[in-house]
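J.: what follows is a predicted structure for the sequence shown.
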Amino acid sequence: MSTIEFNEALIDLQGNLFSFALNFTKNREDARDLTQETLLKAINYRSYYTPNTNFKAWVFTIMRNIFINQYRRNAKTRMIFDHSEDSYLVTNHKSTMGSPTERIATKEITQKIEDLSDELKTPFKMHFEGYKYKEIADSMKLPIGTIKSRIFIARKRLMDQLPDYQYLDN
């Protein structure tokens with residue numbers, strides 16, 4: 001499939017993509033953003049498309065994956081913005097201050113993470129923030145197996161260095 005054919009096929013799907021995005025987001029602006037991000041990702045990953053396969057299914061799968069990944073990232077923060085005059089920012093989780101013990105534990109764990117070598121720390125932090133192995137591998141331009149291995153090694157080192165926190169429940 002030539003670049004022109006690829007782009008024309010994407011343009012032809014734009015209306016269907018917007019409708020599909022609207023089913024996910026239930027909001028026109030978010031649906032526009034999701035559609036635009038899907039088109040951009042499809043163009044960026046054009047080389048991954050296998051010619052003579054279902055192009056529409058490939059693009060719709062990209063959109064579904066983007067939506068799922070965004071949902072997972074947003075579920076970690078779950079912030080609500082109150083549009084009243086005073087404009088309060090509300091979260092649905094415990095205060096970030098915590099008890100003195102929690103603050104000490106957080107500081108100790110954060111320090112151990114920061115002490116990791118960059119080759120272990122970067123993929124570990126990205127994975128912790130919700131990025132998928134493939135996204136981390138693409139970002140760092142490394143094979144996915146290397147990323148999985150580095151995250152595993154980072155977890156193992158942290159567990160060895162922080163044995164007191166090994167069995168904590170959230």
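T.: Alright, I've got the coordinates.
J.: tell me where the model's unsure across the protein.
T.: Along the chain, the parts satisfying pLDDT under 70 run over 75-99, 165-170.
J.: Three-state assignment for H127, please.
T.: helix (DSSP: H, G, I helix; E, B strand; the rest coil).
J.: what helix or strand is the residue most central in space within the chain located in?
T.: The residue lying closest to the centre of the chain (CA atoms, centre = their mean) is Y131, at 3.8 Å. Counting by DSSP states H and E, Y131 is held by no secondary-structure element, helix or strand.
J.: and for the closest residue in space to it that isn't next to it in sequence, the neighbour number?
T.: Excluding the flanking residues, the one nearest Y131 by CB to CB, 6 or more residues apart in numbering is S139, at 7.6 Å. From N, CA and C alone the C-beta is placed, and that goes for glycine too. S139 has 13 neighbours, counted by other CB atoms under 10 Å.
J.: what do you get for E29?
T.: Summarising burial for E29: neighbours were counted as other CB under 10 Å, giving 8.
J.: the residue nearest to Y131 contacts H127, doesn't it?
T.: No. S139 lies out of contact with H127 (CB atoms under 8 Å); the separation is 11.3 Å.
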